[in-house]
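Visitor: From the sequence below, what's the structure:
(4 chains)
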There are 4 protein chains.
Amino acid sequence: MGNSFGKQFKISTWGESHGGGIGVVIDGCPAGLEIDISDIQDELNRRKPGQSHITTPRKEDDQAEILSGTFEGKTLGTPIAILIRNKDANPKDYNHLKNVYRPSHADYTYDAKYGIRNWQGGGRASARETIGRVAAGAIAKKLLKHLHNTEILAYVSQIHKIKAPITPENVTLSAIESNIVRCPDQESAKKMIASIETAKKEGNSLGGIIGSICRNVPIGLGEPVFDKLKADLAKGILSIPATMGIQFGSGFEAANMTAGEHNDPFILENNNIKTSTNHSGGIQGGISNSENILLSTVIKPTATISQEQNTITSTGTPQKLEAKGRHDPCVLPRAVVIIEAMIALVLADHTLRNRCAKI
Amino acid sequence: MGNSFGKQFKISTWGESHGGGIGVVIDGCPAGLEIDISDIQDELNRRKPGQSHITTPRKEDDQAEILSGTFEGKTLGTPIAILIRNKDANPKDYNHLKNVYRPSHADYTYDAKYGIRNWQGGGRASARETIGRVAAGAIAKKLLKHLHNTEILAYVSQIHKIKAPITPENVTLSAIESNIVRCPDQESAKKMIASIETAKKEGNSLGGIIGSICRNVPIGLGEPVFDKLKADLAKGILSIPATMGIQFGSGFEAANMTAGEHNDPFILENNNIKTSTNHSGGIQGGISNSENILLSTVIKPTATISQEQNTITSTGTPQKLEAKGRHDPCVLPRAVVIIEAMIALVLADHTLRNRCAKI
Amino acid sequence: MGNSFGKQFKISTWGESHGGGIGVVIDGCPAGLEIDISDIQDELNRRKPGQSHITTPRKEDDQAEILSGTFEGKTLGTPIAILIRNKDANPKDYNHLKNVYRPSHADYTYDAKYGIRNWQGGGRASARETIGRVAAGAIAKKLLKHLHNTEILAYVSQIHKIKAPITPENVTLSAIESNIVRCPDQESAKKMIASIETAKKEGNSLGGIIGSICRNVPIGLGEPVFDKLKADLAKGILSIPATMGIQFGSGFEAANMTAGEHNDPFILENNNIKTSTNHSGGIQGGISNSENILLSTVIKPTATISQEQNTITSTGTPQKLEAKGRHDPCVLPRAVVIIEAMIALVLADHTLRNRCAKI
Amino acid sequence: MGNSFGKQFKISTWGESHGGGIGVVIDGCPAGLEIDISDIQDELNRRKPGQSHITTPRKEDDQAEILSGTFEGKTLGTPIAILIRNKDANPKDYNHLKNVYRPSHADYTYDAKYGIRNWQGGGRASARETIGRVAAGAIAKKLLKHLHNTEILAYVSQIHKIKAPITPENVTLSAIESNIVRCPDQESAKKMIASIETAKKEGNSLGGIIGSICRNVPIGLGEPVFDKLKADLAKGILSIPATMGIQFGSGFEAANMTAGEHNDPFILENNNIKTSTNHSGGIQGGISNSENILLSTVIKPTATISQEQNTITSTGTPQKLEAKGRHDPCVLPRAVVIIEAMIALVLADHTLRNRCAKI
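Guide: Numbers count the residues shown, from 1 in each chain, chains lettered A, B, ... in the order given. So this is what the prediction gives:
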């Protein structure tokens, strides 16, 4: 269970890293939306491994095929099924992992929960699972763009100790895409790349923080009480592997402020009700208020490394583990794409749900 | 919509701050659990206003009545409905708020979403809504205690600039309950109380951070992919009013660590598989690994204050707003109880769901 | 579990026949609908026992109280909670049923499933449970009336061997309500009443068939594949106690027809696409086609009777069972109201869901 | 929406009759169940067109591929995705149907609901959609067989005017499979085949009734109130194309009986609590009582015929429609397999859900 997300724009993903493939079914995309396979493929290409020398050298083509739900370039209102075949799978590469638990991986918890585990790669816990989310997110983005010209941007704001000085309101897609680390501050990007190169050489990996901004979000998204917009965004993003925390607007800094400082005064601007500050991060009472939605996510350094580590086998015997071959020294440049997808899925879901708020 | 939470241990809450009352329906509590009204009332008393001089002076009795689902002291397996009548409601107190939007409140977003709003108090966005969660959480706690002796503790770890030096593993319920601010470090508690007293005098309010630890959590809770334990905890907690962020285990500090430092090595301890560190916060691959679950939540300073503020009316006219009378200078000592309830609800839900993991 | 119904207009019911009361929470009613308590009370009065000499003599007042979700006569978009207190409960009346299983009742299956049972009355399996459905159905009817002037009528078409000659298209509410058996054919009604009087004297009970017609149903309700309109109507109606079957349009008679006879030809009528016959009962491909929706439901003779019956105790000992006192010789005149409610709930749910069908 | 079914053993189907293929994702099958592709393929072969001269001549191979969720012959507890590619699709065959509404088909209602329709075949309303159900049902059957040795049989009991004299308790799989019409009474089967042959020659089609019996159903399946076992079975079966009604146990005949005749007395048999009659069809209070579950379903004559019919175009112009080429004179022999699948899906879902009934 637990492989579906959303109530009105609902996705269900399936697939292990080794097996027939990875896929997603989208149920609830309204009929009449123009969709081209390139909409999906472009996002998958932003996510795929092997894009640059600072990511995993694993080669994956990740070619998407739309199996249903569209006709003559438009959505039918029926489920959209998307399939991405697995390639580059060499199960023998994993033979040494059959009976050993990699530290901070899901090997042990899957075994304990299910009594069985596909040890050829990460199985369902592999980052390949996020392919389905990115494919579905591409359609959600298209829907949001069509309906409200909504724009969702995520970007790297910190890698290990390097924090980029970024004003979210000024971030553009082209600034993000202009370097391989996807940090809109070009000076910081250079330092981040150098830092990742060092980690790679040392067989280590680095974490960091990803910022996000959503523009042109319609007012009224989010439902009291449990499906507040921030609650659903938090669930969506914390369901991404390697995430350790999330904050909205002022976030953890809010602890240090008084209400007198933190409250966002309402003002009238071009006959629209706006706020003069945005500590709320675009969400008040759990509902979008038409200000930019601001959030940031912390990603731990990914667990797979090429250094020797202590662990135990499934029967409890201590063992030295040395990850062979390739590892990904920093997932953040690619995780940016997954976070954008999850945000898009939440916003698309609530945009549709909002159609039933009033009589 | 959005007023239900959980899939197997499912709750639905209802009620505005002013109206007939507040309630919750629990659907999915297994038959045969011993329940006494005092289990629920004790938790409601920990949450209720007016407990001490550092909280809101509003007097609310919050007497719970179980309307269905139990028989001769045990659950029937049918829905458990709990009703708490509203009292102390003086709608006239709110007349001046009928057409004005309080900064960082939900007044404006509710109006925009629904075209109508119960302006007599906070309506559905009022903190009174959390009464239903606390009542249901009391039953979830009882279930978890019965099945696995699970213990869930939340406590204040920071108020405004005062950070308490706390080792979560050492925190006890009695240390938490031994002062009115619910901070297990007694020295810090005194400073926090003084700080809140000052804010109260100034008509201001303070935020802070609440830490949480869950002990004796069974292994295997949480489902790939979207219903990871951390994802559902994040959703539950971020659905609480005034929360701005959440972090698990190492949290935002993970950004500064390498994988070599962050990975938790597996060890064998008394014939059980454990980890020698717990940066993962008890959750790996989204599934509980039997280590303590660790998380912390940031709460903004509550928006209602007694200082004059700038805002506008519903028709856009600038207006000075002075909150009359009572305000709550710091909600954290009571929010502790709500966070415990939400954690209990998530753990109870996943404990039951886990019964279907294996054949 | 299983106490909620609907996805967008969602209701959750709770309550046993003996206990604090019976209730329902409606989550998803759009904001801005005018609601008066009399809308609900009028329908409850049509359902309540003791209306006439051919129903149970049990006296129940069934006074409804709206606890939340409305403000100044309109819905708020928040959950509408409705409470009906239990009265006339004399638990001692049921002492003799504590350890004995009444034939064709739910006593045994509840015990087997839950290991515990509220033996003071029918517990959750009591017909009192349907009060919550009728209350919620009253609001669903109001919504459908407001949006599309939709009219839902159910009526008794057969009691035991007496079949009324009825043309559904001609049935009116006033014809239904003009006699105590709620059969729109007045001649048949007289015979039915006599038949029920006889059964009552004999301590027996009678079943029959309830027909239904829905007029002004908007086109497009129902979703492929599993949530076809007929599938959701079937689920809703077969969830009513004592129902044994349902048929749509031509129903079981369709088995005797060829496609050449059964197909409904499309025609143009006042510039609207209609069909010249309506064997489909207003639903094609699972979606409403704007013709009248036609269905009928069979209700078994209710199991509680005043004749002596053979049964066994919970420990397997044979025992003679004689239902003491009051019994209901025919539930159909009241079941009409419950069927209308369930149809209204399904149509309201799909009317709202249909808002997301197209871009 | 509406393309998912079940809560704990949940399936989501996708695919149009013309497009990349048809598929299903099963979320919630417990880990550790032995599954072989032949389990699925065998059931698909029972469903596929072209099995005999009394069904559609359309040739479909319907080869299933398991894409995920199994490993070394066992289920992983992760989603099981199954893909069946479309073949034999010649879109040009349907050019004449682009702008015309076939009587009693879903062409018109889909157009009205979605504003777009895949007119190359039946799209999502095609009977090909049921392939996914049958594939998932095969796994549900395997699960039920493994856990409780449950057996689910459906069979043809009536074709047009020919009613077979069948005692459900005596029906065997081999008797059903011993003739091409899947009627366990061999004499009736011959007459049915002759009747279908005649209809085929006349370009017409026939409907009928399908009976079902489930043996070794564990006690306690079904949940009050809305998810009664009969309610979920009714929904599942009425979601199958061409179904017009369903009845359980005594069904519509219950209208003609008194409670004294209809009630099923409890008896003790080999120390088990049983009933001496089974008018309830194995379900009491919506919960299985361990007697055989008995139900029957009416199927209308399928709408596609080779006779000339009157209809109109999408712009309202009257037009003669002559279905070209192949048509299926009777779907019942194949519908038997779909009904078994839907029953299996409901029973599997409730078997798992029942694990949470008691503490």
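Visitor: rest of the way, CA atoms for contacts and neighbours
Guide: OK.
Visitor: so residue A:23, which of the three states?
Guide: strand (DSSP: H, G, I helix; E, B strand; the rest coil).
Visitor: Touching, it and residue A:82? I think so.
Guide: Yes: applying Cα atoms under 8 Å as the test, residue A:23 and residue A:82 come out as touching, 5.5 Å apart.
Visitor: Find residues that contact each of these two.
Guide: Jointly contacting residue A:23 and residue A:82 under the rule Cα atoms under 8 Å, 6 or more residues apart in numbering or on different chains are residue A:132.
Visitor: Tell me which of those two has more neighbours.
Guide: Taking neighbours as other Cα atoms under 10 Å in any protein chain shown, residue A:23 and residue A:82 compare with residue A:23 leading, 29 against 23.
Visitor: list the contacts for the nearest residue to the more buried one once chain neighbours are set aside?
Guide: Nearest non-adjacent residue to residue A:23, counting by Cα to Cα, 6 or more residues apart in numbering or on different chains: residue A:83, 4.6 Å away. Residue A:83 is in contact with A:21, A:22, A:23, A:24, A:64, A:65, A:66, A:67, counting by Cα under 8 Å, 6+ apart.
Visitor: and the closest residue to the last one other than its chain neighbours, what does it touch?
Guide: Just to be clear, that refers to residue A:67. In this structure, residue A:67 finds its nearest non-sequential neighbour in residue D:20, 4.3 Å apart by Cα to Cα, 6+ apart. Residues in contact with residue D:20 (Cα under 8 Å, 6+ apart) are A:66, A:67, A:68, D:85, D:86.
Visitor: So which of those residues wins on neighbours?
Guide: For the contacts of residue D:20, neighbours tallied by other Cα under 10 Å; top is residue A:68, 27 neighbours.
Visitor: Next up, the contacts around it.
Guide: Contacts for residue A:68 (Cα under 8 Å, 6+ apart) come out as A:78, A:79, A:80, A:81, A:82, D:14, D:15, D:16, D:19, D:20, D:21, D:22.
Visitor: Turn those into a markdown table, including pLDDT, secondary structure and distance to residue D:144.
Guide: What follows is these, written out as a markdown table (pLDDT from 0 to 100; DSSP: H, G, I helix; E, B strand; the rest coil; distance: Cα to Cα, whole Å):
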| residue | pLDDT | secondary structure | distance to residue D:144 |
| --- | --- | --- | --- |
| A:78 | 97 | coil | 31 |
| A:79 | 98 | coil | 28 |
| A:80 | 98 | strand | 31 |
| A:81 | 98 | strand | 29 |
| A:82 | 98 | strand | 31 |
| D:14 | 98 | strand | 24 |
| D:15 | 96 | coil | 27 |
| D:16 | 93 | coil | 29 |
| D:19 | 86 | coil | 33 |
| D:20 | 90 | coil | 32 |
| D:21 | 95 | strand | 28 |
| D:22 | 96 | strand | 25 |
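Visitor: Closest to residue B:115 out of the residues you listed?
Guide: Nearest to residue B:115, judged by Cα to Cα, of the contacts of residue A:68 is residue A:78 at 32.0 Å.
Visitor: For that closest one, give me its contacts.
Guide: Contacts of residue A:78 (Cα under 8 Å, 6+ apart): A:27, A:28, A:29, A:31, A:68, A:69, A:70, C:224, D:1, D:14, D:124.
Visitor: Quick one: neighbours of the second one, just the number.
Guide: Burial measure for residue A:28: 24 neighbouring residues, criterion other Cα under 10 Å.
Visitor: residues in contact with residue A:94?
Guide: Residue A:94 touches A:119, A:120, A:121, counting by Cα under 8 Å, 6+ apart.
Visitor: quick one: contacts of the helix or strand of chain A with the lowest mean pLDDT?
Guide: None of the helices or strands of chain A scores lower by mean pLDDT, DSSP states H and E than strand A:318-322, at a mean of 89. Residues outside strand A:318-322 that contact it (Cα under 8 Å, 6+ apart): A:100, A:102, A:306, A:307, A:308, A:309, A:310, A:311, A:312, A:313, B:267, B:268.
Visitor: Now which of those residues would you call buried?
Guide: Among the contacts of strand A:318-322, those classed as buried by 16 or more other Cα atoms under 10 Å in any protein chain shown are A:100, A:102, A:306, A:309, A:310, A:311, A:312, A:313, B:267, B:268.
Visitor: Show me those that map onto strands.
Guide: Among the buried ones among the contacts of strand A:318-322, the residues falling in strands (DSSP state E) are A:309, A:310, A:311, A:312, B:267, B:268.
Visitor: Can you show me the helices along the stretch 51-200 of chain A?
Guide: A:107-114, A:130-148, A:173-177, A:186-201 (DSSP state H, counting those that start in this stretch).
Visitor: tilt between the next helix or strand after the last one and helix A:130-148?
Guide: The first helix or strand that comes after helix A:186-201 along the chain, using DSSP states H and E, is strand A:208-215. With axes from the mean of the first three to the mean of the last three Cα atoms, to 10 degrees as the criterion, the two stretches strand A:208-215 and helix A:130-148 enclose an angle of 20 degrees.
Visitor: Now do strand A:208-215: which elements does it pack against?
Guide: With contacts taken as 3 or more Cα pairs under 8 Å, 6 or more residues apart in numbering or on different chains; DSSP states H and E, strand A:208-215 sits against strand A:151-159, strand A:293-299, helix A:332-353.
Visitor: Isn't residue A:108 up against residue A:98?
Guide: No: Residue A:108 lies out of contact with residue A:98 (Cα under 8 Å); the separation is 11.3 Å.
Visitor: So for those two, which residue has more residues nearby?
Guide: residue A:108 (25 against 15).
Visitor: Phi, psi for the nearest residue to that one once chain neighbours are set aside please.
Guide: Nearest non-adjacent residue to residue A:108, counting by Cα to Cα, 6+ apart: residue A:101, 5.7 Å away. Dihedral angles of residue A:101 (phi, psi; degrees, to the nearest 10) stand at phi -100, psi 110.
Visitor: Isn't residue A:101 up against residue A:110?
Guide: No: using Cα under 8 Å, residue A:101 is not in contact with residue A:110, being 10.4 Å away.
Visitor: quick one: which of these two has more around it?
Guide: residue A:110 (28 against 25).
Visitor: distance of the more buried one from residue C:25?
Guide: Residue A:110 sits 38 Å away from residue C:25, going by Cα to Cα, to the nearest Å.
Visitor: Ramachandran coordinates for the closest residue to residue A:228 other than its chain neighbours?
Guide: Among residues not flanking residue A:228 along the chain, residue A:286 sits closest, at 4.3 Å (Cα to Cα, 6+ apart). Backbone geometry at residue A:286, expressed as degrees, to the nearest 10, gives phi 80, psi 0.
Visitor: what number of residues lie near residue A:286?
Guide: Around residue A:286 there are 32 residues (other Cα under 10 Å).
Visitor: Chain neighbours aside, what residue packs nearest to residue A:259?
Guide: Spatially, and ignoring its direct neighbours in sequence, residue A:259 is nearest to residue B:301 (4.9 Å; Cα to Cα, 6+ apart).
Visitor: okay, now the one you found: neighbour count?
Guide: 31.
Visitor: per-residue pLDDT, it?
Guide: At residue B:301, the pLDDT value in this model is 98.
Visitor: May I ask you to confirm that it is in contact with residue A:255?
Guide: Yes: shown here, residue B:301 and residue A:255 form a contact pair, counting by Cα under 8 Å, at 7.2 Å.
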